[in-house]
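Asker: Prediction below, plus the sequence it came from.
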Amino acid sequence: MLPAYNAEKTLEATYAEIPLDIVDEVILVDDASSDKTVEIARRIGIRHVVKHDKNRCYGGNQKTCYRKALELGADIVVMLHPDYQYTPRLISAMANIIAFDVYPVVLGSRILGKGALTGGMPLYKYFANRILTLVQNLLMRQKLSEYHTGYRAFSREVLAKINYVVNSNDFVFDNQMLSQIFFAGFQIGEITCPTKYFEEASSINFQRSLRYGLGVLKVSAGYALQKMGLIKLAMYSPRGNG
């Protein structure tokens, strides 16, 4: 699935590398782009294109993506940003890890190996990533190499169980999902993922990055407090349907 926003310059290159021999369906959800993302998606043959009438932000886009994937009967769902920052060539490996019951969730980590810095991740983002991940691992008692990658694969069981529909529509949605997955008792695997940083690749400005960082810490603290039985958050209640 491709959560898209103004991706006309990179969508075709991303789609060209998707291994369609193992991918049954490609879903693109356009978050009210002002460019030709939808037109290009249809021209290159993406069968399932959903266009939001108004911008619902990153988390809101993903909610539509997962709902559509589950409606289509997907057993494994891979989220890939269409900005060509992550290589689609890892889809097969990530899907196979889930298909063979190794892990029900797989992340493409930019931090394992030297993918982030080699690919041009700005130093301030790299160090912020490392500090946030350290604090999150301590609060959540986990050992992920990073919580902030946008390259993720999920089994249907995971998506049907966690209550992602109540999460934020903003960028912190990703971290809320990971905390829900851990809280539900699922394990998360990681594979090394090279990445590219260039002008057309999606990014958020410093102000939104700061808000995101604070939101991440709030999610991790809430997880820890919920685990200790000190609070009860709706986001950790199971959906109760498939």
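Answerer: Received it, and whenever you're ready, just let me know what you need. Residues are numbered from 1 along each chain as shown.

Asker: Only C-alpha atoms from now on, for both contacts and neighbour counts.
Answerer: Noted.

Asker: is it true that residue 37 touches residue 7?
Answerer: Yes. Using Cα atoms under 8 Å, residue 37 is in contact with residue 7, at 5.5 Å.

Asker: roughly how far apart are residue 180 and residue 103?
Answerer: As judged by Cα to Cα, to the nearest Å, residue 180 and residue 103 stand 16 Å apart.

Asker: out of those two, which sits in the busier spot?
Answerer: Higher neighbour count among residue 180 and residue 103: residue 180, with 23 against 20, using other Cα atoms under 10 Å.

Asker: Now do the contacts for that one.
Answerer: Contact partners of residue 180, counting by Cα atoms under 8 Å, 6 or more residues apart in numbering, are 162, 163, 164, 235, 236.

Asker: And for the last one, nearest residue in space, chain neighbours not counted?
Answerer: Once flanking residues are discounted, residue 236 sits nearest to residue 180: 5.9 Å by Cα to Cα, 6 or more residues apart in numbering.

Asker: could you pull out the helices for the protein?
Answerer: Here the chain has its helices, by DSSP state H, at 11-16, 37-43, 57-71, 91-99, 115-118, 123-140, 156-161, 173-183, 206-227.

Asker: can you list contacts of the second one?
Answerer: For helix 37-43, the external contacting residues (Cα under 8 Å, 6+ apart) are 4, 5, 6, 7, 8, 11, 12, 28, 30, 49, 51.

Asker: Can you name the residues bridging to the first one?
Answerer: Read that as residue 4. Counting by DSSP bridges, residue 4 is bridged to residue 30.

Asker: Neighbours of the closest residue in space to residue 136 that isn't next to it in sequence, how many?
Answerer: Counting by Cα to Cα, 6+ apart, residue 220 is the residue found nearest to residue 136 once chain neighbours are left out, at 5.8 Å. Neighbours of residue 220 under the rule other Cα under 10 Å: 23.

Asker: repeat for residue 167
Answerer: Neighbour number of residue 167 under other Cα under 10 Å is 19.

Asker: quick revisit: contacting residues around the residue nearest to residue 136?
Answerer: Taking Cα under 8 Å, 6+ apart, we find residue 220 in contact with 136, 139, 140, 179.

Asker: farthest pair in these?
Answerer: 139 and 179 (10.7 Å; Cα to Cα).

Asker: How confident was the prediction at the closest residue in space to residue 173 that isn't next to it in sequence?
Answerer: Spatial nearest neighbour of residue 173, chain neighbours left out: residue 59 (5.2 Å); criterion: Cα to Cα, 6+ apart. Per-residue confidence (pLDDT) for residue 59: 97.

Asker: Residue 204 too?
Answerer: Looking at residue 204, its pLDDT stands at 67.

Asker: Same check on residue 121?
Answerer: Note on residue 121: pLDDT of 79.

Asker: How about residue 188?
Answerer: Residue 188 is assigned a predicted lDDT (pLDDT) of 98.

Asker: and what of residue 176?
Answerer: The predicted structure scores residue 176 at 98 on the pLDDT scale.

Asker: Isn't it up against residue 165?
Answerer: No. Using Cα under 8 Å, residue 176 makes no contact with residue 165, being 10.6 Å away.

Asker: More neighbours: which of the two?
Answerer: Between residue 176 and residue 165, residue 176 has the larger neighbour count (other Cα under 10 Å), namely 25 against 18.

Asker: need the contact list for the more buried one.
Answerer: Listed by Cα under 8 Å, 6+ apart, the contact partners of residue 176 are 164, 167, 216, 219.
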